[in-house]
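Visitor: give me the fold of what follows.
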Amino acid sequence: QRIGAFAAQIKAGGGSAVAVTMDVTDPGSVAAGFEAATEAFGTPDIIVNNAGVANPVGFLDLTEQDWDLVMGANFKGVRLVGREAASRLVAAKQPGSIVNIGSILAHGGQPQQAAYAASKAAVVQLTKVMALELFRHDIRVNALCPGYFRTEMNEEFFGSEAGKAYIARTPGHRLGELSELTLPLLMFASSASGFTTGASLMVDGGHTARLV
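Guide: Just a heads-up that it's a prediction; the model follows:
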């Protein structure tokens, strides 16, 4: 419903949009989603792998269900969507850009985030291999690794005293604004990064630049 409302908003503003339901962990659902998008607009040539979940659990308490949930959405989903996108671009002999959404936790650890950090590190490594194999087809693959931005996944924590204290320890003493992700994403999506592939760009306000 929310995606449908957003598509309607785009159309009301004079743009074109189609809302597609997709389970990124299901190859059949992914193929059907791409088929619907292709029917509406032609072969998709800018793909942003943004589906993801978080499930903070201590390592010793991490169950198979916890692990599979996070790795399924965050890593398997990137692989399936990326493969479907690249296969269609290659078949159409069309250039394209795939942007995988990683995280600063691909490059550093945090307690209770074993599955999430592992999934995002896997995304960054997969991005590199995809980039090596697909650049000959004029398909670029890069990873955008955000730091901490207020989202539905974390707003409860960052509204708490512990969350506010965490923000105070960051270099900028603030969270990122979602608008500050826009231009880095557009750079990867556009010809501005025509010779950039396999890169992992941190947008984190210097968070990962410090040692402690």
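
Visitor: residue 134: how many residues sit nearby?
Guide: For residue 134, the neighbour count with other CB atoms under 10 Å is 21. In this view, the C-beta of every residue, glycine as well, is placed from N, C-alpha and C.

Visitor: likewise residue 104?
Guide: 19.

Visitor: partner strands of the top strand by length along the chain, parallel or antiparallel?
Guide: Taking DSSP state E as the criterion, the chain has its longest strand at strand 139-146. Neighbouring strands of strand 139-146 in its sheet, by DSSP bridges, are strand 96-101 (parallel), strand 200-203 (parallel).

Visitor: out of those strands, flag the one nearest residue 123.
Guide: With distances scored as CB to CB, the stretch of the strands paired with strand 139-146 nearest to residue 123 is strand 96-101 (5.2 Å).

Visitor: could you dump the helix or strand just after that closest one to PDB, C-alpha only?
Guide: Next along the chain after strand 96-101, taking DSSP states H and E as the criterion, comes helix 114-134. This file holds the C-alpha atoms of helix 114-134, laid out as PDB (Å, rounded to 0.1, in the frame of the first residue of the first chain):
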ATOM      1  CA  ALA A 114      26.700 -10.600  14.100                       C
ATOM      2  CA  ALA A 115      24.200 -11.500  11.300                       C
ATOM      3  CA  TYR A 116      23.700  -8.000  10.100                       C
ATOM      4  CA  ALA A 117      27.400  -7.200   9.900                       C
ATOM      5  CA  ALA A 118      28.200 -10.500   8.300                       C
ATOM      6  CA  SER A 119      25.500 -10.000   5.700                       C
ATOM      7  CA  LYS A 120      26.700  -6.500   4.800                       C
ATOM      8  CA  ALA A 121      30.300  -7.600   4.600                       C
ATOM      9  CA  ALA A 122      29.200 -10.300   2.200                       C
ATOM     10  CA  VAL A 123      27.400  -7.700   0.100                       C
ATOM     11  CA  VAL A 124      30.600  -5.700  -0.200                       C
ATOM     12  CA  GLN A 125      32.600  -8.700  -1.300                       C
ATOM     13  CA  LEU A 126      29.900  -9.800  -3.700                       C
ATOM     14  CA  THR A 127      29.900  -6.300  -5.200                       C
ATOM     15  CA  LYS A 128      33.600  -6.600  -6.000                       C
ATOM     16  CA  VAL A 129      33.200 -10.000  -7.800                       C
ATOM     17  CA  MET A 130      30.100  -8.800  -9.700                       C
ATOM     18  CA  ALA A 131      32.000  -5.700 -10.800                       C
ATOM     19  CA  LEU A 132      34.900  -7.800 -12.100                       C
ATOM     20  CA  GLU A 133      32.700 -10.100 -14.100                       C
ATOM     21  CA  LEU A 134      30.200  -7.600 -15.400                       C
END
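
Visitor: if you average the pLDDT over helix 114-134, what comes out?
Guide: Taken as a whole, helix 114-134 carries a mean pLDDT of 98.

Visitor: which helices and strands sit right next to it?
Guide: Contacts defined by 3 or more CB pairs under 8 Å, 6 or more residues apart in numbering; DSSP states H and E place helix 114-134 against helix 64-71, helix 77-92, strand 96-101, strand 139-146.
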